[in-house]
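Just need the structure, nothing else, for what follows:
(one chain, ligands or ions: 1)
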Amino acid sequence: MKKNEIKNRMVKLRDQIALLRHKYHTENDPNVTDDVYESLTRELIKLEKENPEFIDSNSAINRVAGEPLPFFTKVKHNSRMLSLNDAFSDEEVYDWQKRITKLLHSDKKINYFCELKFDGLAVTLRYEDGAFIQGATRGDGFIGEDVTENLKMVDNVPLVLNKEIKGSLIVRGEVVMSKLVFEKLNNKNKKLGKTIFANTRNAAAGSLRQLDPRIARDRHLDFFAYDMSEFPKDIVIHTHSDKHVLLQELGFNVDKHEKKAQNLEEVKEFIKEISKMRDNFTYGTDGVVVHVDSLEMEEILGVVGKAPRYAIAYKYPAERATTLVTDITLNIGRTGVLTPLAHFVPTNVAGSTVSKATLHNMDQIERLDIRIGDTVVIQKAGDVIPEVVEVLVNMRESKEKKFKMPNECPVCGANVQQKDIFYYCMNKNCTGRDRRGMQHFVQALEIYEIGPKILDRLKEEGLISDAPDLFTLEESDLAGLERFGAKSATNIITSIQSHKKVEFWRFLYALGILHMGEQTARDVANHFQLFEKLQKASLGDIESIENIGPVVSESIYNFLHDKQNIILIEKFFKNGVTIEKTKILKDGKFDNKIFVLTGTLEKMSREIAKKKIIENGGKVGSAVSTKTDYLLAGENAGSKYKDAQKLEVKIITEDEFLKML
Ligand code: IVH
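Reported below is the predicted structural model:
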């Protein structure tokens with residue numbers, strides 16, 4: 001970017017950040033999520049570092065957030081309400097450990113205490129002689145808002161403590177709204193045309209910062225205690241974990257997911273364990289807070305600025321981030337469909353670097369109005385492929401370019417035709433289509449030894465021109481190729497040969513017929529049993545199969561009656577491919593049960609899990625619907641999890657699945 005472009009971008013970023021902050025702090029109604037806010041802020045901080053001449057001292061990122069609203073009484077906190085420094089990876093937690101070890105100047109072992117980082121809003125509660133006197137929000141850390149009356153409406157804020165305690169006790173904790181209450185509230189508000197809250201935290205904040213305590217009562221908020229900032233001198237405790245024990249004894253709600261850790265390995269374990277469970281928690285959590293357990297060490301480490309050195313917040317990877325669209329190109333599929341692909345400035349989302357995302361079709365581009373040069377919000381959750389969810393139109397600089405679908409195929413130059421929302425290259429021999437078709441073929445046959453690069457190489461060398469040619473290859477053909485080891489040549493040939501006998505459904509699927517997914521291929525193969533029968537079938541015969549509609553039937557029928565395809569299929573047989581009956585297992589455990597998979601499985605790959613389901617008579621669907629019987633959810637489950645909850649589909653863990661098997 002040129003200097004003046006950088007300057008303009010920094011101005012835009014500042015304006016957008018200021019707008020989001022205003023919406024967030026004053027209106028409790030952000031139109032973008034935290035991840036987006038943080039992503040923009042990160043970019044601005046980076047640009048400020050690289051271009052200090054453009055720093056604006058009034059920049060929103062240098063100001064303290066959360067001025068109290070004028071209509072609540074202000075409360076001065078007895079001690080500053082702190083924030084936590086964040087760690088986004090295990091390395092950053094290790095770096096923190098190194099820093100504090102150095103500062104402590106002692107050989108004493110550091111013990112840690114891990115607890116959940118709740119996604120709500122921080123409050124402070126003051127008790128005098130065991131009675132609840134006053135409660136306040138964080139505000140700017142020094143002065144907050146008096147929300148005592150509203151806090152009295154939160155059931156698990158004790159009004160009188162379980163034990164008699166003389167003097168002042170100040171408890172810090174988080175007010176949260178459960179996911180269920182949040183969903184109900186939003187559904188109700190939607191019907192009434194009222195505010196829809198972006199997340200549980202905003203809903204909790206919006207509910208607590210209401211002048212009418214009856215509204216707060218109806219919002220069913222909850223309180224989790226996590227710290228005491230002041231307690232009577234006669235209470236003798238030495239660790240942060242002691243505080244949690246005491247808080248519980250006094251009648252506070254302390255979450256059970258907490259752990260004393262002897263070292264960072266155990267901290268890491270806790271973080272990992274929680275990452276698997278957090279989607280199932282009734283409350284939103286965005287990380288784990290790691291404390292130095294000893295209060296003596298806490299004292300020595302102290303506070304720098306607004307964050308303590310004795311604790312750190314491990315944040316789970318953001319699922320959303322912002323980035324720039326640098327280009328939109330077209331990918332050509334095996335059926336000739338042209339799929340637009342957005343290219344980004346590489347950015348980290350949900351723990352991995354994302355530089356591309358499919359835009360699916362022109363409809364999507366037009367609906368979101370995505371242009372080359374736009375700043376966009378991208379999302380990636382668990383195993384879900386990255387997608388563009390929103391364009392930040394305020395960030396435009398009027399040089400963004402609209403994408404236009406070309407009239408000619410970018411690979412072969414043939415005519416492009418539109419069918420519904422899709423565009424197709426009409427040339428059956430298009431090399432782009434062909435390349436994808438071959439890749440699909442080897443994947444479908446599970447010839448894992450041959451990747452796209454090897455396929456390209458074999459074609460360039462003139463060793464193959466289509467998929468049937470693969471079966472004529474010999475070791476000597478490959479061994480002679482430059483930079484091609486004898487061992488890999490042997491592996492490839494052995495693998496190809498071992499895939500010559502292929503199950504009927506798999507062969508059908510591998511042909512790459514438009515609209516023919518794995519499940520359709522199985523349904524068709526089960527119905528006809530023999531490939532010759534399918535070849536002779538009428539359109540009506542195919543249509544009569546359960547679950548197969550007219551569009552799919554027509555596509556299958558046309559494919560099998562196309563002259564070129566007939567020649568291709570014959571060539572497979574001539575080169576030694578034989579079709580075997582689809583193996584059907586008797587009395588399958590999962591007969592007719594439909595499974596959908598989400599998240600990462602630990603004990604087996606997804607491919608194996610799918611195989612097991614199918615071998616046992618079940619089916620694998622791609623999206624959760626009312627027909628789904630089970631959602632098999634691994635680590636970092638994606639949006640399918642929520643869909644399953646909504647539709648009350650049974651959700652099973654990997655272990656439960658193994659038991660079923
Ligand atoms: S400790 C001494 N513990 O995270 C540090 N904070 O950026 C004070 N939070 O404003 C916070 N769960 O609202 C602590 N178990 C937990 C927490 C927690 C959520 C929030 C809190 C604070 C922010 C820190």
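
Can you show me the helices along the stretch 301-450 of the chain?
For the stretch 301-450 of the chain, helices defined by DSSP state H, counting those that start in this stretch occupy the ranges 362-368, 431-444.

which outside residues touch the first one?
The contact list for helix 362-368 (Cβ atoms under 8 Å, 6 or more residues apart in numbering) reads 328, 340, 359, 370, 388, 390, 391, 403, 405, 421, 423. Quick note: C-beta positions are derived from backbone N, CA and C, even for glycine.

starting at the chain centroid, how far to that helix?
Between the centre of helix 362-368 and the centre of its chain there are 22 Å (Cα atoms, centre = their mean, to the nearest Å).

One more: stretch 451-461?
On Cα atoms, centre = their mean, the centre of stretch 451-461 falls 33 Å from the chain's centre.

ok so, going back, buried ones only from the contacts of helix 362-368, please, as a ChimeraX command.
The command below creates a ChimeraX selection of those among those that count as buried (16 or more other Cβ atoms under 10 Å):
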select :328,340,359,370,388,390,391,403,423
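
Lowest-confidence entry in the contacts of helix 362-368?
In terms of pLDDT, residue 421 ranks lowest among the contacts of helix 362-368, with 84.

Residue ranges in the stretch 551-661 of the chain under the pLDDT threshold?
Using pLDDT under 70 as the threshold, the predicted model of the stretch 551-661 of the chain has low-confidence ranges 584-587.

what do you get for the stretch 51-200 of the chain?
57-71.

how about the residues of it near the ligand?
With the criterion set to Cβ under 6 Å from any ligand atom, the stretch 51-200 of the chain comes near the ligand through 82, 83, 84, 115, 116, 117, 118, 122, 138, 174.

how would you label whichever residue of the stretch 1-150 of the chain sits closest to the ligand: helix, strand or coil?
Of the stretch 1-150 of the chain, the residue with the smallest distance to the ligand, taken as Cβ to the nearest ligand atom, is residue 122 at 3.2 Å. In the three-state summary, residue 122 is assigned as strand, counting by DSSP: H, G, I helix; E, B strand; the rest coil.

can you check residue 255 too?
Going by three-state DSSP, the secondary structure assigned to residue 255 is coil.

shouldn't it be in contact with residue 117?
No: under the criterion of Cβ atoms under 8 Å, residue 255 lies out of contact with residue 117, with a separation of 10.5 Å.

residue boundaries of the helices in the stretch 551-661 of the chain?
Taking DSSP H, counting those that start in this stretch as the test, the helices found in the stretch 551-661 of the chain are 563-574, 606-615, 639-646, 654-660.

Which one, of these, ends up nearest to the ligand?
Distances from the ligand to each of these were compared using Cβ to the nearest ligand atom; the minimum, 22.4 Å, belongs to helix 639-646.

Just the residues contacting the closest one, thanks.
Outside of helix 639-646, the residues that reach it under the criterion Cβ under 8 Å, 6+ apart are 279, 381, 384, 596, 598-599, 623-624, 628, 631, 633, 649-651.

Out of those, flag the one nearest to the ligand.
Sorting the contacts of helix 639-646 by distance to the ligand puts residue 279 at the head of the list, at 17.5 Å, by Cβ to the nearest ligand atom.

Tell me how far the nearest residue to the residue of the stretch 1-150 of the chain closest to the ligand once chain neighbours are set aside lies from residue 174.
Residue nearest to residue 122 in three dimensions, not counting chain neighbours: residue 138, with 4.5 Å by Cβ to Cβ, 6 or more residues apart in numbering. Relative to residue 174, residue 138 is positioned 10 Å away (criterion: Cβ to Cβ, to the nearest Å).

do residue 505 as well
Residue 505 sits 53 Å away from residue 174, taking Cβ to Cβ as the criterion.

do the same with residue 443
Shown here: residue 443 relative to residue 174, a distance of 47 Å by Cβ to Cβ.

neighbour count winner among these two?
Neighbours were tallied for residue 443 and for residue 174 using other Cβ atoms under 10 Å; the higher tally belongs to residue 174 (22 against 15).

close enough to count as contact, the more buried one and residue 120?
Yes: the criterion here is Cβ under 8 Å, and residue 174 meets it with residue 120 at 4.3 Å.

Give me the common contacts of the two.
What both residue 174 and residue 120 touch, as defined by Cβ under 8 Å, 6+ apart, is the set residue 224.

And the helices of the stretch 301-450 of the chain: which comes nearest the ligand?
When the helices of the stretch 301-450 of the chain are ranked by proximity to the ligand, the top entry is helix 362-368, at 32.7 Å, counting by Cβ to the nearest ligand atom.

check contacts around the closest residue to residue 340 other than its chain neighbours.
Counting by Cβ to Cβ, 6+ apart, the nearest residue to residue 340 once its immediate chain neighbours are dropped is residue 359, at 4.3 Å. Residues in contact with residue 359 (Cβ under 8 Å, 6+ apart) are 328, 339, 340, 341, 342, 365, 370, 388.

Next one: residue 359 relative to the ligand, how far apart?
To the ligand, residue 359 is 36 Å away according to Cβ to the nearest ligand atom, to the nearest Å.

OK, contacts around the nearest residue to residue 345 once chain neighbours are set aside?
Beyond its immediate neighbours in the sequence, the residue positioned closest to residue 345 (Cβ to Cβ, 6+ apart) is residue 324, lying 4.7 Å away. Going by Cβ under 8 Å, 6+ apart, residue 324 touches 344, 345, 373, 374, 375, 376.

what sits opposite residue 324 in the beta ladder?
Taking DSSP bridges, one obtains residue 375 as the residues bridged to residue 324.

Roughly how far does it sit from the ligand?
Using Cβ to the nearest ligand atom, we find residue 324 at a distance of 29 Å from the ligand.

Neighbours of residue 649, how many?
By the measure other Cβ under 10 Å, the count of residues near residue 649 is 21.

What count of nearby residues applies to the closest residue to it other than its chain neighbours?
Beyond its immediate neighbours in the sequence, the residue positioned closest to residue 649 (Cβ to Cβ, 6+ apart) is residue 628, lying 4.8 Å away. One way to gauge burial is a neighbour count; for residue 628, by other Cβ under 10 Å, it gives 20.

After the biggest helix by length in the chain, which helix or strand is next? Please name it.
When secondary structure is assigned using DSSP state H, the longest helix within the chain turns out to be helix 3-27. If you walk from helix 3-27 toward the C-terminus, the next helix or strand you reach (DSSP states H and E) is helix 34-50.

helices or strands next to that following helix in the packing?
For helix 34-50, the packing partners by 3 or more Cβ pairs under 8 Å, 6 or more residues apart in numbering; DSSP states H and E come out as helix 3-27, strand 320-332.

Quick check: which of the ones you listed is buried the most?
The highest mean neighbour count among these, using mean count of other Cβ atoms under 10 Å, belongs to strand 320-332: a mean of 19.

Off-centre distance for that strand?
What separates the centre of strand 320-332 from the centre of its chain is 18 Å, taken as Cα atoms, centre = their mean.

Can you classify residue 245 by secondary structure?
Look at residue 245: counting by three-state DSSP, its state is helix.

What is the burial count for it?
Residues lying near residue 245 (other Cβ under 10 Å) number 12.

again, but for residue 239
The number of residues packed around residue 239, counting by other Cβ under 10 Å, is 19.

if we can go back for a sec, for the contacts of residue 324, which one is nearest residue 398?
Distance from residue 398 was checked for each of the contacts of residue 324 by Cβ to Cβ. The minimum falls on residue 373, at 9.6 Å.

Could I get the contacting residues of residue 375?
Taking Cβ under 8 Å, 6+ apart, we find residue 375 in contact with 322, 323, 324, 325, 391, 392, 395, 396.
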